[in-house]
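**Q** Could you work out the structure for the sequence below:
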Amino acid sequence: MRKSLQACCLALGIVAASIAHAQQYELDLSRIDLSAIDPQAAAAIGGDVLRRAPDPAIDDLFQAVHASSRTPREAALLCGLFEPDADRSMAALQRTVERMGPDSRERFANAFVGVALAGLQGEPAAYDAAQARQALKATVVKAGFLHAGFSAGINASGDDAASREARCTAFGQLVDVLGNEPLETRALATRWLLEQGLTLAVAAR
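**A** Here you go, the predicted structure:
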């Protein structure tokens, strides 16, 4: 019993760590089901939390990204996360979100809770890298047809301000197109982008 309680406390600690300053946000705590938390998963959640979370939880995270990408200042913050050499860990996401407005912080906080809890309670979700690549490729092609300048932006490889701005614009366009795709496609592309950033969005063309 004591070990189970400690595991539950650890699980809550992990959730709290993923949503720093959570007391500032209005979280949906009714989603927390301690009885369903796997203690072993709690100890090993770190690197595979995104793999363990089901598509709906990943899509909540995508929807938070999509909403924030429509605000220029927050879009710029998000774009930094998806630069080829950026840190895209949950901790890095957390640090970025802390710099956003209250509405975005609340959306991300709830999404983080969902991803963390689903990861603690579930088995690793099926993930086919080739399928994810194909989903992203189809989205990249569609974005190229829908948005003038997208191809040039997504292929901008420099480290100068102009190249970064072009990639950021293309990222926003890509997210917009993904927002109209089926949930499975959004989840596949989101998992890929969180692992690889925009580097392989170019390779997926």
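
**Q** Can you tell me the SS state at residue 50?
**A** helix (DSSP: H, G, I helix; E, B strand; the rest coil).

**Q** Show me the chain divided up by domain.
**A** 2-121, 129-203 (automatic domain parsing).

**Q** mean confidence score for the last one?
**A** If I follow you right, that is domain 129-203. Domain 129-203 carries an average pLDDT of 86.

**Q** ok, now the first one?
**A** Confidence over domain 2-121 (mean pLDDT, whole number) is 68.

**Q** Mind putting the domains of the chain into TSV with mean neighbour count?
**A** Every residue, glycine included, has its C-beta placed from N, CA and C. Below are those laid out as TSV (neighbours: other C-beta atoms under 10 Å):
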stretch	mean neighbour count
domain 2-121	17
domain 129-203	18
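
**Q** Just to check, residue 171 is in contact with residue 81?
**A** No - with contact defined as C-beta atoms under 8 Å, residue 171 does not reach residue 81; the gap is 9.5 Å.

**Q** Point out the other helices and strands that the helix ranked longest in the chain packs with.
**A** Using DSSP state H to define each element, the chain has its longest helix at helix 102-121. Under the contact definition 3 or more C-beta pairs under 8 Å, 6 or more residues apart in numbering; DSSP states H and E, helix 102-121 sits against helix 2-18, helix 39-43, helix 45-52, helix 55-68, helix 90-97.

**Q** Apply 10 Å and report the result again.
**A** The contact analysis (3 or more C-beta pairs under 10 Å, 6 or more residues apart in numbering; DSSP states H and E) places helix 102-121 against helix 2-18, helix 39-43, helix 45-52, helix 55-68, helix 72-81, helix 90-97.

**Q** tell me which element residue 143 is part of?
**A** In this assignment (DSSP states H and E), residue 143 forms part of helix 129-146.

**Q** Helix or strand: which one has the closest residue in space to residue 70 that isn't next to it in sequence?
**A** Leaving aside its chain neighbours, residue 70 sits nearest to residue 172 (7.7 Å; criterion: C-beta to C-beta, 6 or more residues apart in numbering). Here residue 172, judged by DSSP H and E, is contained in helix 161-178.

**Q** right, and the helix or strand after that helix?
**A** Sequence order places helix 183-196 as the next helix or strand after helix 161-178, per DSSP H and E.

**Q** Would you mind putting the CA coordinates of that next one into CSV?
**A** Extracted in CSV, the C-alpha atoms of helix 183-196 (Å, rounded to 0.1, in the frame of the first residue of the first chain):
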residue,chain,number,x,y,z
LEU,A,183,-7.3,13.3,-36.1
GLU,A,184,-5.1,10.3,-37.0
THR,A,185,-3.1,12.4,-39.5
ARG,A,186,-2.7,15.2,-37.0
ALA,A,187,-1.5,12.9,-34.3
LEU,A,188,1.0,11.2,-36.6
ALA,A,189,2.4,14.4,-37.9
THR,A,190,2.5,15.9,-34.4
ARG,A,191,4.5,13.0,-33.0
TRP,A,192,6.9,13.3,-36.0
LEU,A,193,7.4,17.0,-35.6
LEU,A,194,7.9,16.8,-31.9
GLU,A,195,10.7,14.3,-32.4
GLN,A,196,12.3,15.8,-35.5
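
**Q** Sounds good, over and out.
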